[in-house]
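[1] The following block contains a protein sequence and its predicted model.
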Amino acid sequence: MIVVDTGPLVAAADRDDAHHESCTAWFDACDDEIVVPAPVIVEVCWLLARRVGPDAESEFLARLSGNDPRIEALSGVDYHRASELVATYADLDLGFVDASVVALAERFKVETVATINHRDFRVVRPSHRDSFTLVP
C-alpha cells in the first residue's frame, strides 16, 4: 500500500507539469494498492481547475468512479493527528493536506508515500518509523 499526495496526481494529469513523465510512468508501473486521502482530492481538483481548466478537473473526477485508487476518508483520530502535525511542523508550513497524508500513512503503517514534495516529507518523522520512503 502506498499513500499518495497531491503532487503526483496533478503531475500525471497535467502534461505541462515538470514531473508529468516520471509520475505517469510511476503510476503505470505501480503494483501496490494506491490510497488517496480524501482531502488530497479537493486539492488536486482545485489545482487542476486553476492550472489546466475544468475539463482536466472533470476528467480526473471521472477516473475516481471505481475503486482504484482507493479514496480514504479521515477518522476523528486522523484529524487529531493532522492537527498535531500541523502544529509540530509549523515552520515547514506543512498544512492540512500533507498532514492528512502522514496521518493515513501512520494509521495503515505505510512505509512509502508518493509525493514530489520531498522537502517537507523528508523532514516529517512519522510515528511508526524513522522516515518515509518517497516515490516516484
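    Nice, thanks for sending it over.

[2] what about the strands in the protein?
    2-4, 34-37, 70-72, 112-114, 133-135 (DSSP state E).

[3] from those, which stretch is densest packed?
    strand 2-4 (a mean of 26; mean count of other CB atoms under 10 Å). (Glycine included, C-beta is placed from N, CA and C.)

[4] mind listing what it pairs with, with the direction of each?
    Applying DSSP bridges, strand 2-4 is found paired with strand 34-37 (parallel), strand 112-114 (parallel).

[5] looking at the protein, which residue lies furthest from center?
    The centre of the chain is farthest from one residue, D55, which by CA atoms, centre = their mean lies 21.3 Å away.

[6] how far away is that residue from A90?
    37 Å (CB to CB, to the nearest Å).

[7] what does T133 give?
    T133 sits 25 Å away from A90, going by CB to CB.

[8] for D68, same thing?
    Distance, D68 to A90, using CB to CB: 35 Å.

[9] Likewise for V101?
    Using CB to CB, V101 is found at 17 Å from A90.

[10] Just the pLDDT for the residue lying closest to L74 once chain neighbours are set aside.
    In space, and not counting its chain neighbours, L74 is closest to S100: 5.9 Å by CB to CB, 6 or more residues apart in numbering. Looking at S100, its pLDDT reads 98.
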